[in-house]
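Asks: Please work out how this folds:
(one chain, ligands or ions: 1)
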Amino acid sequence: MSSVPDLRCHATSAICCVAALLLAPGIAARAAEPARVVETYVLPGQQLPATPGATHELRLSLYAFRGSLWTQREIEPAVLDAARLIAQCGVALAGAELRLLEAPRRFHFYSTPVARELLQDLQVSKPAIFFVDDTLNRPAYDAEAIGRANAANRPELANTVWVAHGARDLPLALAHELAHVLSDSGEHSDEPGNLMRAETSPENTRLSAVQCRRLRERGQANGLLAPKP
Ligand SMILES: [Zn+2]
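Replies: This is a model prediction of the structure:
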């Protein structure tokens, strides 16, 4: 992950900070360049993994930025592989749309305030996965999930996943973060081979019956999953 400048206010510049705060709303209003969707690609239904016996359906919204590091060729197969992992809980991927966003370059990098700003202007159906160039949050995670439970101070970000380019074991990382969001839980597992171990690894693919039940129940209760008709 790249290093980032320390953007925090220094104590000696308190007066400057106050002035900046007073001016900020006006500046923000004038300088606002809202992100907009310039292209939408619907993943063909025949590509979605068959999930015999599924009880629930998941529809995913995927977002990438024009001019960023991500390509559709990277995103699409990883999302389908992640869906195959979530399918073990009886959840079928019923649809996925990839939207390309035109947005100022600063939005290509994830940080909590910038992501909040993006979602204040953008209508997003959830759960949504954002493919960003990198994260500026510290600690810098390859991928970060925000459920409802950890969105109190950032309500716009509820039910979203943010993935940095170059994330290790991408399909597993996506499935892991989606499981956090659908279950609305930040819990990890120590069980060998479990998808929710804190470190992703190609061997860690399984979800237990208890994890799957919680994922389905909370996912449905939070409007992120629909019972299969
Ligand atoms: Zn995790």
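
Asks: in the protein, which spans are helices?
Replies: Remark: helices of the chain, listed N- to C-terminal, are 14-31, 72-86, 112-121, 170-183, 209-221; assignment by DSSP state H.

Asks: Of those helices, which stretch is the most buried?
Replies: Scoring those by mean neighbour count under mean count of other C-beta atoms under 10 Å gives helix 170-183 as the most buried, with a mean of 25. (C-beta placed from N, C-alpha, C; glycine too.)

Asks: now it: how far from the chain's centre is it?
Replies: How far helix 170-183 lies from its chain's middle: 9 Å, per C-alpha atoms, centre = their mean, to the nearest Å.

Asks: how far off helix 72-86 does that helix point, in degrees?
Replies: Computed by axes from the mean of the first three to the mean of the last three C-alpha atoms, to 10 degrees, the angle separating helix 170-183 from helix 72-86 equals 50 degrees.

Asks: relative orientation of helix 170-183 and helix 209-221 in degrees?
Replies: Our comparison of helix 170-183 with helix 209-221, counting by the same axes, to 10 degrees, yields an angle of 60 degrees.

Asks: For this structure, which strand extends over the most residues?
Replies: strand 91-102 (DSSP state E).

Asks: show me the residues around the residue nearest to residue 133 when sequence neighbours are not counted that make contact.
Replies: Counting by C-beta to C-beta, 6 or more residues apart in numbering, residue 108 is the residue found nearest to residue 133 once chain neighbours are left out, at 4.6 Å. With contacts defined as C-beta atoms under 8 Å, 6 or more residues apart in numbering, residue 108 is in contact with 65, 67-68, 132-133.

Asks: quick revisit: relative to helix 72-86, how tilted is the longest strand of the chain?
Replies: What separates the directions of strand 91-102 and helix 72-86 is an angle of 160 degrees, with the same axes, to 10 degrees.

Asks: mind exporting strand 91-102 as PDB, just the C-alpha atoms?
Replies: What follows is the C-alpha trace of strand 91-102 in PDB, where atoms were taken according to Å, rounded to 0.1, in the frame of the first residue of the first chain:
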ATOM      1  CA  VAL A  91     -27.800 -18.000  -1.400                       C
ATOM      2  CA  ALA A  92     -27.900 -17.600  -5.100                       C
ATOM      3  CA  LEU A  93     -26.600 -14.600  -7.000                       C
ATOM      4  CA  ALA A  94     -29.700 -13.500  -8.900                       C
ATOM      5  CA  GLY A  95     -28.200 -10.500 -10.500                       C
ATOM      6  CA  ALA A  96     -25.100  -8.300 -10.600                       C
ATOM      7  CA  GLU A  97     -24.600  -4.900 -12.300                       C
ATOM      8  CA  LEU A  98     -21.300  -3.200 -12.800                       C
ATOM      9  CA  ARG A  99     -21.500   0.500 -13.000                       C
ATOM     10  CA  LEU A 100     -18.600   2.700 -14.200                       C
ATOM     11  CA  LEU A 101     -18.400   6.000 -12.400                       C
ATOM     12  CA  GLU A 102     -16.900   9.200 -13.700                       C
END
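
Asks: which neighbours does that strand have in its sheet, and in what orientation?
Replies: strand 36-42 (antiparallel), strand 56-65 (parallel) (DSSP bridges).

Asks: Which positions in the longest one come out as buried?
Replies: Residues of strand 56-65 classed as buried under the neighbour-count rule (16 or more other C-beta atoms under 10 Å) are 56-58, 60-65.

Asks: Could you do stretch 119-136 as well?
Replies: If you call a residue buried by 16+ other C-beta under 10 Å, then stretch 119-136 has these buried ones: 119, 122, 124, 127-136.

Asks: Understood, closing this out.
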